[in-house]
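1. sequence and predicted model, in that order:
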Amino acid sequence: MAIIKSVRGFTPKFGQNCFLADGAIVVGNVTMGDNCTVWFNAVVRGDVHSITIGNNTNIQDGAVLHCTYERANLIIGNNVSIAHNAVVHGCTVEDNVLIGIGAVIMDHAVIGKNSVIAAGAVVLPGTQVEPGSVYAGVPAKRVKDVTPELLETITRTARNYPMYAQWFRE
C-alpha cells in the first residue's frame, strides 16, 4: 500500500485516475495532475516546499522528488517520465521530458520541453537545458538535439505508463 501523509497542514492532492504503487510515498504540499503514476518505492516529498506535477507524468521506481526549504520548489510539467532512481530536486521540468535512470537534477535548473536528460547525468544547480536537447555526463552538457525518433520515445514512454498502471488494477 502507498503512503499518503499530511505535513505542516498540507495534504497531497491528486487528479483523476492516478496510480500509486505499493511502497510509493507522497507527502505534504503536492499537487498531481490526471493520469499520473508513482511507482514502487518512489518518494514525492513536499514537506519543505511545494511540488506541482502536471498530467500524464510517471515517477518510476526509487525516484526521489524533493525541494529546498523556502528556496526552491519543484515544478514538473505534462508527459514527463522520471526514470528509476532519479533525483529531481527544486527545479523546473517542462512538458515532454524524459529524465534517465539515476539522473540527478539540482535546484533552480530548468529542463526545457521535448528534452532528454541521459541516464546518470548530473544537472548542476541553475543549469538551463535548451528545449529539444539531450544532456549527458557529469556535469551534464548538451550532446545533441532530440531527433524525431527520440521525441517519439519520450511521447511513447509517457503514454505507456498509465497502461502499465492498469495491469496492477486488474
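-> Right, received. Where do you want to start? Numbering: from 1, shown residues only.
2. kindly list the longest strand within the chain.
-> Longest strand of the chain, by residue count under DSSP state E: strand 43-53.
3. what's the helix or strand that it is followed by in contact with?
-> Later in the chain than strand 43-53, the nearest helix or strand by DSSP states H and E is strand 58-59. For strand 58-59, contacts defined as Cβ atoms under 8 Å, 6 or more residues apart in numbering pick out 24, 36-39, 42, 44, 53, 65, 80-82, 157-158, 161. Backbone N, C-alpha and C define where each C-beta goes, glycine included.
4. inside strands: which ones of those residues?
-> Going by DSSP E, the strands hold 37-38, 44, 53, 65, 81-82 from those.
5. in a markdown table: these, plus pLDDT, neighbour count and distance to S133.
-> Formatted as a markdown table, the ones in strands among the contacts of strand 58-59 follow (pLDDT from 0 to 100; neighbours: other Cβ atoms under 10 Å; distance: Cβ to Cβ, whole Å):
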| residue | pLDDT | neighbour count | distance to S133 |
| --- | --- | --- | --- |
| T37 | 98 | 26 | 26 |
| V38 | 98 | 30 | 27 |
| V44 | 98 | 27 | 26 |
| I53 | 98 | 28 | 22 |
| L65 | 99 | 26 | 22 |
| S81 | 98 | 26 | 16 |
| I82 | 98 | 30 | 18 |
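6. for the most centrally placed residue in the chain, give the beta-bridge partners.
-> For the chain, the residue nearest the mean C-alpha position is I82 (4.2 Å; Cα atoms, centre = their mean). Beta-bridge partners recorded for I82 (DSSP bridges): I59, I99.
7. next one: K5
-> Taking DSSP bridges, one obtains V27 as the residues bridged to K5.
8. what of V123?
-> I105.
9. quick one, what contacts it?
-> Applying Cβ under 8 Å, 6+ apart, we find V123 in contact with 91, 103-106, 109, 111, 117, 129, 135, 139-140.
10. ok, now how distant is the residue nearest to F14 when sequence neighbours are not counted from K13?
-> Spatial nearest neighbour of F14, chain neighbours left out: M32 (5.0 Å); criterion: Cβ to Cβ, 6 or more residues apart in numbering. Noted for M32: a distance of 7 Å to K13, by Cβ to Cβ, to the nearest Å.
11. quick one, which of these two is more surrounded?
-> Per other Cβ atoms under 10 Å, whichever of M32 and K13 has more neighbours is M32, with 24 against 12.
12. wait, what's in contact with the more buried one?
-> Shown in contact with M32 (Cβ under 8 Å, 6+ apart): 12-15, 18, 26, 38, 44, 53, 57.
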